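K.L.:
Give me a model of this one.
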Amino acid sequence: MESKTIKESGYFWWRNEPIPEDDIVPESAVAGDLIITDDGRISIELHGYLPSADHAMSRIFVGSGNSYPDIEGRLKNSSEHVLLTDVYSQGGKASFGGISYENYGATNCLIGYKPLPESKGEIMFDGLSIPLTGFEDWLGLGSIETSRTKRKLVATHKTQKNIKYILEDNSTISVEFDLLAPMFGNQKNHAINITEKISFKYLSKIKKTSSELKKYFFSITDFFLILTGSDYNMEWPSLTIGRTANNTKSYKFYFLRSRNSAAAPTRHNCLLTFPTIREDFGRLFQQWQIKREEFGPGMSLYLGTRRGVELYVEHRFVNLIWGLESLHRTLNKDAPPTKLELKAQRIIGQMTSAKDRKWLEAKLEHSAEPSLAERLVECIKLLPLNFPAESLRDFCNECAGKRNDISHFGGQRAPGVYGDFLGKIYLLNNALNNIYPAIILKLCGVNDLLLLNMLSTGRASSRIKDTLNEVGLHIK
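P.N.:
So this is what the prediction gives:
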């Protein structure tokens, strides 16, 4: 059964329609239901149709998919304000002598307690806030202390200072703390709930659109994936208008995104916990933003194997190898010509026939490039692991060979038991799944000592070393 994040009744109307002074919705508002699924599919089912120059019947008969202006709304139970953008028709029903109605879908939806700004164009926001629910163990910042005797249970909480980082463009990111607890004063209860709430907040130096902040949200979620090693879903973000706590308006932001059932990260499974990188967190985040753009597919091909995405073993493997190859090409795009390249250029330069010279240039175009195995070796050597040279070369040769088999033969090159072939690919995947994010962390500026500890003696190191040992890679 499809999970609903929201299903609430309300009134809806075209954006920026005037609202009478003593009313809360325009006269043209139509009752309906707002539905948002767990993965962010947004729709409204109206109990009538919205007025416009063309009759609603024509919109219904034209069918689904046509785009329409933004729609505002007010929800019945919560009284929250709603804005749906990138609106499109989802059909409806034309009934002569009955109730006619129409339905709409939307790409984005904003919901908040404060009225939305009146604007003919896109609304501009100052930043976003993301609850870090589920990341408490990774953060390791719990501040609720308890002590219990036979006669007394005491819980003590000391408010923590927010942790703020200034980025190069003078935007800021911060880890901020709040407390969900009983009201101030002395009370007697049969049950109480005390919860420390932690949020990640981004405050941009310049205002941004919701589309820009959506892209930023995905970048943040990928950064946390790399740090934690977990595909756990972050909660929905809120977009904010205002630069201080007293004047900030906040709107929960819904949109279509992939969701999965991954468990929250636990400290013993995380690659790097927050306390180990707390001082450098802002710098690492800044570098992540830069490197993500710089390396493009070298980052996205790895991320595409994560986020809870189900892939065949072969597909996952070639994505990992393609990604590492892309990383190496980008890292070495400005490298000086090799001796072999210079030799090829000298030979071509000595030819007098233009036709022959063109033919030979085409033949030798890629002759001086390093092999795939050599590229993999150089990528893995970025890590401070000191694998035995022969073991590393054998591992990379096998990865290159298997990649070529899959790319050129669709599987194993020679007849045999395909299950054995897949079993080997599975082991290679396990090793690459630990090597690849470590390389990304290295490129983002994590120091060698921290990387070595993460891979060889850290909380997750036993699991990591097991996957490496299975493919002949032993950390010295």
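K.L.:
which residues touch residue 454?
P.N.:
For residue 454, the contacting residues are 271, 272, 438, 441, 460, 461, by CB atoms under 8 Å, 6 or more residues apart in numbering. Every residue, glycine included, has its C-beta placed from N, CA and C.
K.L.:
what would these look like in CSV with distance to residue 385, neighbour count and pLDDT?
P.N.:
Shown next, in CSV, are the contacts of residue 454 (distance: CB to CB, whole Å; neighbours: other CB atoms under 10 Å; pLDDT from 0 to 100):
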residue, distance to residue 385, neighbour count, pLDDT
271, 14, 26, 90
272, 16, 25, 93
438, 8, 23, 96
441, 13, 23, 97
460, 15, 19, 87
461, 11, 17, 90
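K.L.:
Could you identify the most distant pair in those?
P.N.:
Pairwise distances across those peak at 14.4 Å for 441 and 461 (criterion: CB to CB).
K.L.:
Tell me how far residue 134 lies from residue 235.
P.N.:
Plainly put, residue 134 is 8 Å away from residue 235 if you go by CB to CB, to the nearest Å.
K.L.:
Among those two, which residue is more densely surrounded?
P.N.:
Using other CB atoms under 10 Å as the criterion, residue 134 and residue 235 rank with residue 134 on top: 17 against 13.
K.L.:
List phi and psi for the more buried one.
P.N.:
phi 100, psi -20 (degrees, to the nearest 10).
K.L.:
Is it in contact with residue 265, as I believe?
P.N.:
Yes. Taking contacts as CB atoms under 8 Å, residue 134 lies within contact range of residue 265: 7.5 Å.
K.L.:
what's the neighbour count on the closest residue to residue 122 other than its chain neighbours?
P.N.:
For residue 122, ignoring the flanking residues on the chain, the nearest one in space by CB to CB, 6 or more residues apart in numbering is residue 209 at 4.8 Å. The number of residues packed near residue 209 is 14, by other CB under 10 Å.
K.L.:
and the longest helix for the chain?
P.N.:
In terms of residue count, the longest helix belonging to the chain (DSSP state H) is helix 418-443.
K.L.:
Below-threshold pLDDT in this structure: ranges please.
P.N.:
Low-confidence segments of the chain (pLDDT under 70): 1-4, 53-65, 334-342, 344, 356, 360-368.
K.L.:
Centre of the chain to the longest helix of the chain, how far?
P.N.:
Here helix 418-443 is found 21 Å from its chain centre; the criterion is CA atoms, centre = their mean, to the nearest Å.
K.L.:
List the buried residues of it.
P.N.:
421-422, 424-425, 428-443 (16 or more other CB atoms under 10 Å).
K.L.:
Please apply the same query to stretch 173-190.
P.N.:
Neighbour-count burial for stretch 173-190 [16+ other CB under 10 Å]: 173, 174, 175, 176, 177.
K.L.:
From residue 197, how far off is the third one?
P.N.:
Taking CB to CB as the criterion, residue 175 is separated from residue 197 by 11 Å.
K.L.:
quick one: residue 416 from residue 29, how far?
P.N.:
Using CB to CB, we find residue 416 at a distance of 68 Å from residue 29.
K.L.:
swap that for residue 226, please
P.N.:
46 Å.
K.L.:
same question, residue 446
P.N.:
Distance, residue 446 to residue 29, using CB to CB: 53 Å.
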